[in-house]
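1. I would like the atomic coordinates for the input below:
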Amino acid sequence: MRPPSVDSLARSLSDIDLPPPLLVDAARTAISNGQPESAREEAIRLQRALLGPAINGTGVLLHTNLGRAPLAYSQPAKSTNLEFDLDTGTRGSRNHHAANLICRLTGADAAVIVNNCSAAVTLVLAALARGRAVAVSRGELVEIGGGFRVPDVMTESGARLVEVGTTNRTRLADYKNAQETHEAALLLKVHPSNYRITGFTEETSVKALATLQVPVVVDLGSGLIDDACFWLRDGRPSWLGDEPSVRQTLEAGANLVTFSCDKLFGGPQAGVIAGRSDLVQACANHPLMRAFRPGALVLNALQQTALAYLRRDGDAIPFWRMAQTSVSDLLSRAEALSVGHIVHTMAMTGGGSLPGQQIPSVGVEFEGDISRLLRDADTPVIARVHDQTTVIDLRTVDPSDDPLVADAVASAV
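-> Next up is the predicted model:
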């Protein structure tokens, strides 16, 4: 039997929300495989491979594979004053809008925004220590997600790594020796945000490092703005543990702090360098800044998040809204879903933040592994599977998505 034409087969798929060229690709693939009847399946596969919404039912609030901090953002299709000074009518700086708000939040003298925290660290090292020594504790030579390691980042920046102390104990004298022996340009302290070393340990505080008269750079990573958590109704939650904050780290004597914006800050993917004006300016003037600078969409989303902090409106930041939801509210939602067995669970922040810290939560549980069926829903639901049971943790599900969860479960079971 002669196969259908590519054109006619592609037109039969017009109800699938894909542009004609992609429908043609699906039709052509199906015909070349000798299975014209699989064209619809091919088109749906193409559609699902595109970036799209998913429901996070894993209980990991900052799930790296699901985009970390969820963020609602929109911008009208209009020009902006991205690099235009409205007072003088001349060219302005794209860095001033959101960066000035970051300074207001953290107490930093100056700040510059880049596209992620790794870029922030790389830019600091390249601008302030290329060809010179940078002292880092052996216990802080971390590897972050995707296999990226601090020593590799330092090598690419042109800085020279000087390891000090041991894996579990690093004293002020170790840094002082690096300063004197290697003429260290910077002392870099990396917060171990995705692991913990316990037992016979010792680390040197930022306050102590600041006495050595060498610029102290602290990579905080996770981006907690202020110890007081003034934007939350009930103040600092216990599950934050001893997580350090940007404001207090600067107050302790750090000259620069770098951090991510899509973790505990709850904003878009971006990185911040904040601290002493002359050091920040050196970073902003470096040629790499043009490669690392974010676009207007990211800067506007970051500005909106910073304004929510300044309004003390934690509920306007989805991450903090999810994290603050009471267990009783989660129980009420689980009961309203009327699916599965209601179970008490423990959620976590994820995203390389607060290792070992858990947040009491509630989920719905199903016998067996139905995770693939849940992912096949029109809006995929991403659950977790443990001991041949599937759990959808409601702390990481927006309440407006509960009906979609119910529909996905109904289709799956």
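2. going forward, measure contacts between C-alpha atoms and count neighbours the same way
-> Noted.
3. Could I get the buried residue list for the longest helix anywhere in the chain?
-> Using DSSP state H to define each element, the chain has its longest helix at helix 296-310. For helix 296-310, burial by neighbour count (16 or more other CA atoms under 10 Å) applies to 298-310.
4. Over to stretch 10-23?
-> Buried, per 16+ other CA under 10 Å, within stretch 10-23: 10, 13, 22-23.
5. Kindly format the C-alpha coordinates of stretch 33-47 as PDB.
-> Provided in PDB are the C-alpha atoms of stretch 33-47 (Å, rounded to 0.1, in the frame of the first residue of the first chain):
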ATOM      1  CA  ASN A  33      10.000   4.700   9.600                       C
ATOM      2  CA  GLY A  34       7.400   2.900   7.600                       C
ATOM      3  CA  GLN A  35       4.800   3.700  10.200                       C
ATOM      4  CA  PRO A  36       2.600   6.600   8.900                       C
ATOM      5  CA  GLU A  37       0.100   5.800  11.700                       C
ATOM      6  CA  SER A  38       2.700   7.000  14.300                       C
ATOM      7  CA  ALA A  39       2.700  10.600  13.000                       C
ATOM      8  CA  ARG A  40       0.500  11.800  15.700                       C
ATOM      9  CA  GLU A  41       2.700  10.200  18.300                       C
ATOM     10  CA  GLU A  42       5.800  11.800  16.700                       C
ATOM     11  CA  ALA A  43       4.100  15.200  16.700                       C
ATOM     12  CA  ILE A  44       3.200  14.900  20.400                       C
ATOM     13  CA  ARG A  45       6.800  13.900  21.200                       C
ATOM     14  CA  LEU A  46       8.000  17.000  19.500                       C
ATOM     15  CA  GLN A  47       5.600  19.100  21.400                       C
END
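6. Now that stretch: buried residues?
-> Neighbour-count burial for stretch 33-47 [16+ other CA under 10 Å]: 36, 39-40, 42-44, 47.
7. Now residue 346. Nearest residue, chain neighbours left out?
-> residue 360 (4.7 Å; CA to CA, 6 or more residues apart in numbering).
8. how about the one you found, secondary structure?
-> strand (DSSP: H, G, I helix; E, B strand; the rest coil).
9. May I ask you to confirm that it is in contact with residue 331?
-> No - the pair residue 360 / residue 331 is not scored as a contact, 11.4 Å apart, by CA atoms under 8 Å.
10. give me every residue that touches residue 344.
-> By CA atoms under 8 Å, 6 or more residues apart in numbering, the residues touching residue 344 are 360-363.
11. rerun that using 6 Å as the cut-off
-> 361-362 (CA atoms under 6 Å, 6 or more residues apart in numbering).
12. Now residue 348, what are its backbone angles?
-> phi -150, psi 160 (degrees, to the nearest 10).
13. need the helix or strand of the chain with the lowest average pLDDT.
-> Using mean pLDDT, DSSP states H and E, helix 150-157 stands out as the lowest-scoring helix or strand of the chain, at a mean of 83.
14. Tell me which helix or strand comes right after that helix.
-> strand 160-164 (DSSP states H and E).
15. so where's the chain uncertain?
-> For the chain, the stretches flagged by pLDDT under 70 are 1, 144-148, 193-200, 352.
16. Nearest the geometric middle of it, what residue?
-> residue 262 (3.3 Å; CA atoms, centre = their mean).
17. Enumerate every residue touching it.
-> 69, 268-269.
18. In terms of secondary structure, what does the helix or strand following the longest helix of the chain contact?
-> Where DSSP H and E defines the elements, the next helix or strand beyond helix 296-310 is helix 318-324. Helix 318-324 is packed against no helix or strand, with contacts defined by 3 or more CA pairs under 6 Å, 6 or more residues apart in numbering; DSSP states H and E.
19. just the CA coordinates of helix 318-324, formatted as CSV?
-> Provided in CSV are the C-alpha atoms of helix 318-324 (Å, rounded to 0.1, in the frame of the first residue of the first chain):
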residue,chain,number,x,y,z
PRO,A,318,6.3,32.1,45.2
PHE,A,319,9.1,30.3,46.8
TRP,A,320,8.5,31.9,50.2
ARG,A,321,4.7,31.5,49.8
MET,A,322,5.1,27.7,49.3
ALA,A,323,7.7,27.4,52.1
GLN,A,324,5.4,29.3,54.6
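20. Give me the contact list for it.
-> So helix 318-324 is contacted by 69, 266, 314-315, 395 (CA under 6 Å, 6+ apart).
21. And stretch 95-115, by the same measure?
-> 247, 270-277, 292-294, 303.
22. Would you work out how far apart the start and end of it are?
-> 12 Å (CA to CA, to the nearest Å).
23. got the buried residues for that stretch?
-> Buried residues in stretch 95-115 (16+ other CA under 10 Å): 95-103, 105-115.
24. How about stretch 149-165?
-> 150-151, 153-155, 157-165.
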